[in-house]
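everything below, folded, please.
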Amino acid sequence: MRISIQHLTKVFPSRTKGGKAVHAVEDMNIEIPSGQLVGLLGPSGCGKSTTLFMLSGLETATSGKILFDDQDVTTLAAEKRGVGLVFQNYALYPHMTVQQNIRFPLDNMRINREEGNARALDAARLVQIEDLMARKPHELSGGQQQRVAIARALVKMPNVLLLDEPLSNLDARLRLQTREEIKRIQRTTGITTVFVTHDQEEAMSICDIMVVMKLGVVQQIGAPQHIYDDPNNLFVANFLGTPPINIFKGKIQGGKAYIGEEAVGDAPYGDREVYVGIRPEGFIYNPQGALTLNVDHIEVMGRDKSVVSTHESSTKPTVRSIIDSDVALPEGAEQLKFDIKPYKLFLFDAETEERLR
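Model prediction:
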């Protein structure tokens with residue numbers, strides 16, 4: 001199922017007299033190819049869950065259109081859209097067994113019990129919980145409950161699968177395991193899937209396409225690695241990356257980008273104030289390098305060394321530089337110099353925060 005979102009907007013009226021209306025989603029335009037796993041990514045309040053609920057039909061759009069293939073579903077009732085929805089809290093029925101929870105949508109559709117049981121078993125096998133069919137939700141781990149919720153969404157054979165922060169209630173180990181499972185299930189079924197998360201590492205690891213949002217406005221759409229390597233603006237650059245990007249106040253002068261009085265790269269743009277972004281992996285140790293950093297301490301992390309330092313132009317308390325563990329650094333040095341990889345350095349206009357290209 002191809003999804004086309006055209007000028008989609010959602011405005012919530014003010015809850016107080018004279019207050020401002022909330023523009024949760026503003027003029028969104030996205031084309032989602034059939035069979036892709038798309039992540040809506042952004043901080044709390046950016047409009048990603050509201051977008052998901054408009055796709056599902058649980059929320060009504062203020063304006064704009066939603067098309068599934070060529071069918072306009074903007075005002076279509078939720079139960080007629082052919083979507084499967086998995087909520088953050090799973091919403092399982094505690095008095096029902098796993099089998100009954102999975103089969104519940106089919107019971108509502110008046111599917112006979114024999115066929116319903118067979119389809120529930122197929123869905124359970126897909127998410128690998130077929131041995132748990134007789135258990136109640138309280139007898140399951142968080143990860144197992146999540147799989148039941150996914151199986152219940154899949155048993156209807158939906159055209160679109162919608163997942164709202166599906167991993168947020170799991171611990172770190174289960175999150176990693178379950179996101180790999182979601183990717184496997186999506187690949188196996190080929191169902192077009194939209195996945196909401198605020199966790200950029202989660203989105204980058206499983207999505208084919210990522211949509212980065214801020215305050216209801218789409219900031220950038222593309223393959224996760226492409227967005228990481230080529231951010232449109234300072235917000236996107238800051239939001240993606242672990243460890244996060246280093247940001248310095250700088251300037252462009254005479255075709256060079258400066259941090260303080262040190263030229264760190266070419267900048268074929270007009271003279272102006274800028275923010276200079278450097279990814280942690282963008283530093284190359286060189287005793288005669290371009291940028292001087294004040295060393296706080298060095299962390300050895302197996303294959304890498306992380307140099308934690310400071311700089312008076314940094315917008316953050318520390319600067320983190322990741323270099324290969326084989327690189328020998330002078331012991332006890334209070335300052336180290338680095339060259340900067342050109343493709344790991346980004347310049348943003350100081351006023352608009354838009355990327356200079």
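
next, give phi and psi for residue 334.
Main-chain dihedrals, residue 334, degrees, to the nearest 10: phi -90, psi -20.

count the neighbours of the closest residue to it other than its chain neighbours for me.
In space, and not counting its chain neighbours, residue 334 is closest to residue 295: 5.9 Å by C-beta to C-beta, 6 or more residues apart in numbering. All C-beta atoms are positioned from the backbone trio N, CA, C, and that covers glycine. Residues near residue 295, counting by other C-beta atoms under 10 Å, number 18.

so which elements touch the helix or strand where residue 195 lies?
Residue 195 belongs to strand 192-197 when assigned by DSSP states H and E. Counting contacts by 3 or more C-beta pairs under 8 Å, 6 or more residues apart in numbering; DSSP states H and E, strand 192-197 is packed against strand 37-41, helix 48-56, strand 160-164, helix 172-189, helix 200-206.

quick one: strands adjacent to it?
Paired neighbours of strand 192-197 in the sheet (DSSP bridges): strand 37-41 (parallel), strand 160-164 (parallel).

re earlier: residue 347 is nearest to which of the helices and strands packed on strand 192-197?
helix 200-206 (21.8 Å; C-beta to C-beta).

next SSE after that closest one?
strand 209-214.

for that next one, enumerate the helices and strands it packs against.
Counting by 3+ C-beta pairs under 8 Å, 6+ apart, strand 209-214 packs on strand 37-41, helix 48-56, strand 217-222, helix 224-229, helix 234-239.

by how many degrees do the shortest one and strand 209-214 diverge?
Note on geometry: by axes from the mean of the first three to the mean of the last three C-alpha atoms, to 10 degrees, strand 37-41 and strand 209-214 are set 10 degrees apart in direction.

can I get strand 37-41 as PDB, trimmed to CA atoms?
C-alpha atoms of strand 37-41 as PDB (Å, rounded to 0.1, in the frame of the first residue of the first chain):
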ATOM      1  CA  LEU A  37       9.200   0.900   6.900                       C
ATOM      2  CA  VAL A  38       9.000   4.600   7.700                       C
ATOM      3  CA  GLY A  39      10.000   6.200  11.000                       C
ATOM      4  CA  LEU A  40       8.500   9.500  12.300                       C
ATOM      5  CA  LEU A  41      11.200  10.800  14.500                       C
END
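
where among the helices and strands packed on strand 192-197 is average confidence lowest?
Of all those, the minimum mean pLDDT falls on helix 172-189 (a mean of 86).

what sits opposite the closest residue to residue 280 other than its chain neighbours in the beta ladder?
Nearest in space to residue 280, with sequence neighbours left out and distances taken as C-beta to C-beta, 6+ apart, is residue 322 at 4.4 Å. When assigned by DSSP bridges, residue 322 has beta-bridge partners residue 306.

residue contacts, residue 322?
243, 280-281, 283, 304-307 (C-beta atoms under 8 Å, 6 or more residues apart in numbering).

hmm, 6 Å instead?
280-281, 304, 306 (C-beta atoms under 6 Å, 6 or more residues apart in numbering).

got JSON lines for those residues, with neighbour count and pLDDT too?
Converted to JSON lines, the contacts of residue 322 look like this (neighbours: other C-beta atoms under 10 Å; pLDDT from 0 to 100):
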{"residue": "280", "neighbour count": "20", "pLDDT": "97"}
{"residue": "281", "neighbour count": "16", "pLDDT": "97"}
{"residue": "304", "neighbour count": "15", "pLDDT": "93"}
{"residue": "306", "neighbour count": "16", "pLDDT": "95"}
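
coming back round to it: residue 310 is in contact with the residue nearest to residue 334, correct?
No. Contact criterion C-beta atoms under 6 Å: residue 295 and residue 310 do not qualify, at 8.4 Å.

rewinding a little: looking at the helices and strands packed on strand 192-197, which is closest to residue 12?
Closest among these, once you apply C-beta to C-beta, is helix 48-56, at 8.5 Å.

contact partners of the closest one?
Contacts for helix 48-56 (C-beta under 6 Å, 6+ apart): 10, 24-25, 40, 42, 59, 61, 78, 83, 85, 162, 164, 196, 213.

packing partners for the lowest-mean-pLDDT helix or strand in the chain?
Ranked by mean pLDDT, DSSP states H and E, the weakest helix or strand in the chain is helix 172-189, scoring a mean of 86. If you count contacts as 3 or more C-beta pairs under 6 Å, 6 or more residues apart in numbering; DSSP states H and E, helix 172-189 packs onto helix 142-154, helix 200-206.

that helix versus strand 160-164: what angle between them?
Using the same axes, to 10 degrees: helix 172-189 against strand 160-164 is 170 degrees.

put the alpha carbons of helix 172-189 into PDB.
What follows is helix 172-189, C-alpha atoms only, in PDB (Å, rounded to 0.1, in the frame of the first residue of the first chain):
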ATOM      1  CA  ALA A 172      17.500  -1.600  26.700                       C
ATOM      2  CA  ARG A 173      18.200  -5.300  25.900                       C
ATOM      3  CA  LEU A 174      14.600  -6.000  25.000                       C
ATOM      4  CA  ARG A 175      14.300  -2.900  22.900                       C
ATOM      5  CA  LEU A 176      17.300  -4.000  20.800                       C
ATOM      6  CA  GLN A 177      15.900  -7.500  20.400                       C
ATOM      7  CA  THR A 178      12.300  -6.300  19.600                       C
ATOM      8  CA  ARG A 179      13.300  -3.700  17.100                       C
ATOM      9  CA  GLU A 180      15.100  -6.400  15.200                       C
ATOM     10  CA  GLU A 181      12.000  -8.500  15.400                       C
ATOM     11  CA  ILE A 182       9.900  -5.700  14.000                       C
ATOM     12  CA  LYS A 183      12.200  -5.300  11.100                       C
ATOM     13  CA  ARG A 184      12.100  -9.000  10.400                       C
ATOM     14  CA  ILE A 185       8.300  -9.100  10.600                       C
ATOM     15  CA  GLN A 186       8.000  -6.100   8.300                       C
ATOM     16  CA  ARG A 187      10.300  -7.600   5.800                       C
ATOM     17  CA  THR A 188       8.500 -11.000   6.000                       C
ATOM     18  CA  THR A 189       5.000  -9.500   5.500                       C
END
